[in-house]
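Asker: Pasting the sequence and the predicted coordinates here, then a few questions.
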Amino acid sequence: MVERLTIDHVGHRGDGVSLAPGEAIYVPYALGGETVEVDHVPGHHPDRRKLLAIDVSSPERIEPLCPHFGVCGGCALQHWAAEPYHAWKRGIVVETLAQAGIDCDVAPLVDAHGAGRRRVTLHGRFGTHNILKVGFAAANSHDVIPIHRCPILDPALDGALDAAWAIAEPLTSKMPVTKPLDIQATATTTGLDIDVRGSGPLPTPLITALSRVAEQHRLARLTRHGELVLQRVPPTVRMGRAEVTLPPGSFLQATVAGEETLAKLVAQRVGKAKEIADLFCGVGPFALRLAEKARITALDSDAGAIAALVKAARSPGLKPIKAEPRDLFRRPLVPQELRDFDAVVFDPPRQGAQAQALKLAASKVPVVVAVSCNVATFARDARLLIDGGYKIENVVPVDQFRHTPHVELVARFTR
């Protein structure tokens, strides 16, 4: 049944929100102030609608930059002008902190999209009529939208889409695939690093076929579930003065500008600290830069990332980096272990660092710098630090996931 709704505002997930019927109704791709025609979405939550037409358009609406927008599920907000979009994204941080009872200065949003995303996960599967499709998942669907170009990707990922199609073809045509292949491509200074997941074990003929694809597309490395298929050159990235050889499928910040922005903000906030703990350190985007001026202890549960950091720490011009694998969710650093640090930096996954925040709150570390990709779990952990006696000085929101509701932030706490 077609309904006509007036959109009140854009919600935290990027959907237009209508409040007229007395309860919130969510309409993707709608903006505040618009009057729209919508329909129910079969099989979805009853408070969600599908946008059919815009009767009264917002003056803030702009033409999306990608022809796949609205069908591909990757971007949610290409239709919104930059200034109100930036204000909305900063507002997510302000409102979430206020709900947690945290009163602090929130800086203007820092745009860290830069040249675009340097990492992308593509999906490959057969569709109707046994036609191969390689691309992104459709909005609110498991279908795959085939693409050959994505305008939000870093030019360093040029060739990734062609390589993904070439990789998916032998895998999907010569063995049964009941779910999509996941093809993760990362741009490195030495070429594309691609890891394939979902294919199952590879017989020798398929390994040979994939090796040919890797050579033809001049990939730096091709792996399957982290297992090496072919490496032409080690895939490396620069982090400050250091060169890091990435473990297969390794986590990296989404954009080069994002990593550099976060690292700069962290360095400014640790100040003149000489002994720094970098918790949830990954391959060392903060540790390797901070080691130019301070001694670093770096911890992460990912043993492969720690091994890469140990190797990169041998780069000239760096102070000592002590890097060890440790599960900080199960074994957070306790106050006695924290007592010798001038500053602690922690950058956990989306679930936050509740266990570690509790131990930090009980410690006497003078400066704590938090980096987060989830403002809700950050607010929870920040509340623990504040209740333990820390003062939150400021929060800087960072946008490296342009056109999406995702926002990152950096915050400084002091005793």
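Answerer: Now that the structure is in, tell me what you want to look at. Numbering: from 1, shown residues only.

Asker: which residues in the stretch 151-300 of the chain form helices?
Answerer: Using DSSP state H, counting those that start in this stretch, the helices of the stretch 151-300 of the chain run over 160-173, 204-216, 256-270, 287-290.

Asker: Relative to I183, which of these is closest?
Answerer: helix 160-173 (4.5 Å; CB to CB). Any C-beta I mention is one placed from the backbone N, CA and C, and that applies to glycine too.

Asker: what inclination does that closest one have with respect to helix 204-216?
Answerer: 170 degrees (axes from the mean of the first three to the mean of the last three CA atoms, to 10 degrees).

Asker: Okay, buried residues for stretch 197-208 please.
Answerer: 198-199, 202, 206 (16 or more other CB atoms under 10 Å).

Asker: which one of these sits closest to R314?
Answerer: L202 (34.3 Å).

Asker: Could you check what's spatially nearest to that closest one, not counting adjacent residues?
Answerer: Nearest non-adjacent residue to L202, counting by CB to CB, 6 or more residues apart in numbering: R224, 6.0 Å away.

Asker: Any stretches of the chain with poor pLDDT?
Answerer: 127-129, 173-179 (pLDDT under 70).

Asker: Repeat the analysis, applying 50 as the threshold.
Answerer: Along the chain, segments meeting pLDDT under 50 span 175.

Asker: Tell me how many other residues crowd the residue lying closest to H113 once chain neighbours are set aside.
Answerer: When the adjacent residues along the chain are set aside, H113 lies closest to R402, with 4.2 Å between them (CB to CB, 6+ apart). Other residues within reach of R402 by the criterion other CB atoms under 10 Å amount to 21.

Asker: sorry, back to before: let me know which of the helices of the stretch 151-300 of the chain is tucked in deepest.
Answerer: helix 287-290 (a mean of 26; mean count of other CB atoms under 10 Å).

Asker: What helices and strands are in contact with that one?
Answerer: helix 256-270, strand 275-279, strand 295-300, helix 303-312, strand 321-325 (3 or more CB pairs under 8 Å, 6 or more residues apart in numbering; DSSP states H and E).

Asker: Which among the ones you listed is found nearest to R380?
Answerer: Evaluated over the helices and strands packed on helix 287-290, closeness to R380 peaks at strand 275-279, with 16.6 Å, by CB to CB.

Asker: ok, and what's touching that closest one?
Answerer: Contacting residues not belonging to strand 275-279 are listed as 270, 284, 286-287, 290, 294-300, 328, 333, 338, 340-348, 353, 356 [CB atoms under 8 Å, 6 or more residues apart in numbering].

Asker: So among those residues, which ones count as buried?
Answerer: 270, 284, 286-287, 290, 294-300, 328, 333, 338, 341-348, 353, 356.

Asker: Return the residues in contact with A254.
Answerer: Per CB under 8 Å, 6+ apart, neighbours of A254: 117-119, 400-401.

Asker: What count of nearby residues applies to T121?
Answerer: Neighbours around T121, by other CB under 10 Å: 15.

Asker: Check which helix or strand it maps to.
Answerer: strand 119-126 (DSSP states H and E).

Asker: Sort out which residues of stretch 28-45 are buried, please.
Answerer: 28-38.

Asker: still on that earlier bit, any idea how far the residue nearest to L202 is from I207?
Answerer: Distance of R224 to I207, computed by CB to CB, to the nearest Å: 9 Å.

Asker: go on, L262?
Answerer: 38 Å.

Asker: likewise R330?
Answerer: 37 Å.

Asker: Go ahead and confirm D39 touches E3.
Answerer: Yes. With contact defined as CB atoms under 8 Å, D39 reaches E3; the gap is 7.3 Å.

Asker: tell me, what's touching these two both at once?
Answerer: Joint contacts of D39 and E3 (CB under 8 Å, 6+ apart) are R49.

Asker: Just name the closest of the contacts of A254 to I145, please.
Answerer: R117 (16.7 Å).

Asker: Three-state assignment for I92, please.
Answerer: helix (DSSP: H, G, I helix; E, B strand; the rest coil).

Asker: ok, it - contacts?
Answerer: 12, 375, 397, 405, 407 are the contacts of I92 under CB under 8 Å, 6+ apart.

Asker: same deal with G389?
Answerer: Shown here is G389, whose contacts under the criterion CB under 8 Å, 6+ apart are 361, 415.

Asker: Please, which helix or strand holds it?
Answerer: Using DSSP H and E, G389 falls outside every helix and strand.

Asker: for the residue nearest to the spatial centre of the chain, phi and psi?
Answerer: In the chain, the C-alpha nearest the mean C-alpha coordinate belongs to A254, at 5.4 Å (CA atoms, centre = their mean). Dihedral angles phi and psi of A254 (degrees, to the nearest 10) take the values phi -60, psi -30.

Asker: Check the gap between it and L19 for me.
Answerer: Taking CB to CB, one finds A254 at 33 Å from L19.

Asker: next one: I145
Answerer: For I145, the distance to L19 - CB to CB - is 32 Å.

Asker: hang on, the earlier thing: show me what the strand holding T121 is packed up against.
Answerer: strand 132-137, strand 144-146, helix 160-173, strand 181-188.

Asker: possible to save those as CSV with distance to A362?
Answerer: Below are these laid out as CSV (distance: least, CB to CB, whole Å):
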stretch, distance to A362
strand 132-137, 43
strand 144-146, 49
helix 160-173, 46
strand 181-188, 38
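
Asker: Out of the ones you listed, which is closest to E215?
Answerer: helix 160-173 (11.0 Å).

Asker: Angles on the backbone of the nearest residue in space to K293 that is not next to it in sequence, please.
Answerer: Spatially, and ignoring its direct neighbours in sequence, K293 is nearest to K319 (7.2 Å; CB to CB, 6+ apart). As for K319, its main-chain torsions (degrees, to the nearest 10) stand at phi -80, psi 170.
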